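S.K.: quick one: sequence plus predicted model below, questions after.
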Amino acid sequence: AAIAACAKGMQWEKALMVFSDSPEVSTVSYNATISACSRCTQWPAALQLFEEAQAAGKADRLTFNATMASCGKGQQWQQASQIFAE
């Protein structure tokens, strides 16, 4: 809930701090934080979180969609295409 509130307030850095301070990170937490980064066109941070989520086995369809949207907003079409190919 806190990460989603940060996303709505366009405070992606605070969302990352809340995410980092979480004792247990879930798929929902990854998705909310990636979405917060996406809203603020912070595609590098979204991409890094996506890679972490994949490595942790916590990426789902929403994780892929949010990351592709973030790359698209940042005009990183090659990155978005690579994610889509996965």
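M.R.: Cool, got the structure.

S.K.: just the pLDDT for the residue minimising distance to the centre of the chain.
M.R.: Centroid check for the chain by Cα atoms, centre = their mean gives I34 as the closest residue, at 1.4 Å. Looking at I34, its pLDDT reads 91.

S.K.: test my guess that A15 contacts C37.
M.R.: Yes. Contact criterion Cβ atoms under 8 Å: A15 and C37 qualify, at 7.3 Å. Glycine gets a C-beta too; all of them are placed from N, C-alpha and C.

S.K.: run through the helices of the chain in chain order.
M.R.: With DSSP state H applied, the chain shows helices at 2-8, 12-21, 27-39, 43-55, 61-73, 77-85, listed in chain order.

S.K.: looking at those, which is buried most?
M.R.: Highest mean neighbour count of the helices of the chain: helix 27-39, a mean of 24 (counted as mean count of other Cβ atoms under 10 Å).

S.K.: other SSEs contacting it?
M.R.: Helix 27-39 sits against helix 2-8, helix 12-21, helix 43-55, helix 61-73, with contacts defined as 3 or more Cβ pairs under 8 Å, 6 or more residues apart in numbering; DSSP states H and E.

S.K.: rank those helices by pLDDT, which is bottom?
M.R.: Looking at those, the bottom one is helix 2-8 with a mean of 74.

S.K.: circling back to that earlier point, now distance to V28 too, for the helices and strands packed on helix 27-39, in CSV please.
M.R.: Supplementary listing: the helices and strands packed on helix 27-39 in CSV, determined by distance: least, Cβ to Cβ, whole Å:
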stretch, distance to V28
helix 2-8, 9
helix 12-21, 11
helix 43-55, 11
helix 61-73, 9
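
S.K.: dump the residue contacts of S38.
M.R.: S38 is in contact with 46, 66-67, 69-70, 73, counting by Cβ atoms under 8 Å, 6 or more residues apart in numbering.

S.K.: kindly indicate which of those residues lies nearest M10.
M.R.: Ranking these by separation from M10, with Cβ to Cβ as the measure, puts K73 on top at 12.8 Å.

S.K.: the closest one is in contact with T41, isn't it?
M.R.: Yes. Using Cβ under 8 Å, K73 is in contact with T41, at 4.9 Å.
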